[in-house]
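K.L.:
got a sequence here, can you build the structure:
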Amino acid sequence: MKIGILQTGQAPDGLRGAHGDYPDFFQRLLAGRGLDFRNYHVEALEFPDTVRDADGWLITGSRHGAYEDHPFIAPLEAFIRDAYAASVPLVGICFGHQIIAQALGGKVEKYASGWSIGAQDYDFGGETLTLNAWHQDQVTQRPPVAEVAATNGFCENAALIYPGHAYTVQAHPEFDDAFVNGLIETRARGVVPDDLQERARARMGGRRDNAVIADRIADFFHAMQTARQGAA
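P.N.:
Alright, predicted model coming up:
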């Protein structure tokens, strides 16, 4: 199954050599699950010709806000709406989660309560999963077509399911602790409160349920492909 990765940002220059860029993170996360990948750097306005150029689309994280005025935002929102209308499956992570919600009628804001970084526990329908987060923006109003798939006390819309269309997660299942520590060193100082940085460091080395989310992403893509083939 061919998945197009829509890259909406880049890993910090100082971390890219050791960790790769964001598409590399997702290829590692989803390896061995029957998916092949092609990257489109949409932040640089490299877009697919049509939503049918892949069997599904994955939108990465970004340091940009979904509500900001960048040249790639409007065409990406149009692409999301076209893919949704054509029932081509969408997966969004962090910024991807936010931009899909915004494109389909939800609201994204810089959250008044601030940042979430490092290991966070989420309630996925009664199952607690621990994932690394790195965000200040979040979906404060979900679209009418979306259902909550995960939540916690800080982030009400921590994961959303758009039945038959999209699956999105606010946290970063593609981030390991080494990369989060690198973000603290390169992006947090003077921006993220010191106590949150220390709290994030204190939880490093614990369990992360990245593989669980990887399985759910792959299962979503494969289920959508099976459904389309059955309808053909």
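K.L.:
so where's the protein uncertain?
P.N.:
232 (pLDDT under 70).
K.L.:
what segments of the chain are strands?
P.N.:
2-6, 36-40, 56-59, 90-93, 107-110, 116-124, 127-135, 137-141, 147-150, 159-162, 166-169 (DSSP state E).
K.L.:
now render the ones you listed as JSON lines, adding distance to residue 211 and mean neighbour count.
P.N.:
All C-beta spots, glycine's among them, are computed from the backbone N, C-alpha and C. Listed next are the strands of the chain as JSON lines, based on distance: least, CB to CB, whole Å; neighbours: other CB atoms under 10 Å:
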{"stretch": "strand 2-6", "distance to residue 211": "17", "mean neighbour count": "22"}
{"stretch": "strand 36-40", "distance to residue 211": "18", "mean neighbour count": "16"}
{"stretch": "strand 56-59", "distance to residue 211": "16", "mean neighbour count": "26"}
{"stretch": "strand 90-93", "distance to residue 211": "15", "mean neighbour count": "28"}
{"stretch": "strand 107-110", "distance to residue 211": "28", "mean neighbour count": "16"}
{"stretch": "strand 116-124", "distance to residue 211": "14", "mean neighbour count": "21"}
{"stretch": "strand 127-135", "distance to residue 211": "10", "mean neighbour count": "20"}
{"stretch": "strand 137-141", "distance to residue 211": "24", "mean neighbour count": "20"}
{"stretch": "strand 147-150", "distance to residue 211": "16", "mean neighbour count": "17"}
{"stretch": "strand 159-162", "distance to residue 211": "16", "mean neighbour count": "22"}
{"stretch": "strand 166-169", "distance to residue 211": "14", "mean neighbour count": "27"}
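K.L.:
got these as TSV, with distance to residue 175 columns?
P.N.:
Output for the strands of the chain, formatted as TSV (distance: least, CB to CB, whole Å):
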stretch	distance to residue 175
strand 2-6	16
strand 36-40	18
strand 56-59	15
strand 90-93	10
strand 107-110	20
strand 116-124	9
strand 127-135	4
strand 137-141	16
strand 147-150	16
strand 159-162	16
strand 166-169	12
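K.L.:
what's the closest of those to residue 201?
P.N.:
Checking those against residue 201 by CB to CB gives strand 116-124 as the closest, at 7.4 Å.
K.L.:
middle-most residue in this structure, spatially?
P.N.:
When CA atoms, centre = their mean is applied to the chain, the residue found nearest the centroid is residue 93 (0.4 Å).
K.L.:
any idea how far residue 228 is from that one?
P.N.:
23 Å (CB to CB, to the nearest Å).
K.L.:
what about the closest residue in space to residue 184 that isn't next to it in sequence, distance to residue 183?
P.N.:
Once flanking residues are discounted, residue 184 sits nearest to residue 197: 5.3 Å by CB to CB, 6 or more residues apart in numbering. Residue 197 is 10 Å from residue 183, where distance means CB to CB.
K.L.:
one more: residue 159?
P.N.:
21 Å.
K.L.:
now residue 162
P.N.:
Where residue 183 is concerned, residue 162 sits at a distance of 29 Å (CB to CB).
K.L.:
residue boundaries of the helices in this structure?
P.N.:
Assigned by DSSP state H, the helices in the chain fall at 13-19, 22-29, 73-85, 95-103, 177-183, 194-202, 210-231.
K.L.:
which of these sits most buried?
P.N.:
Of all the helices of the chain, helix 95-103 has the most neighbours on average by mean count of other CB atoms under 10 Å, namely a mean of 28.
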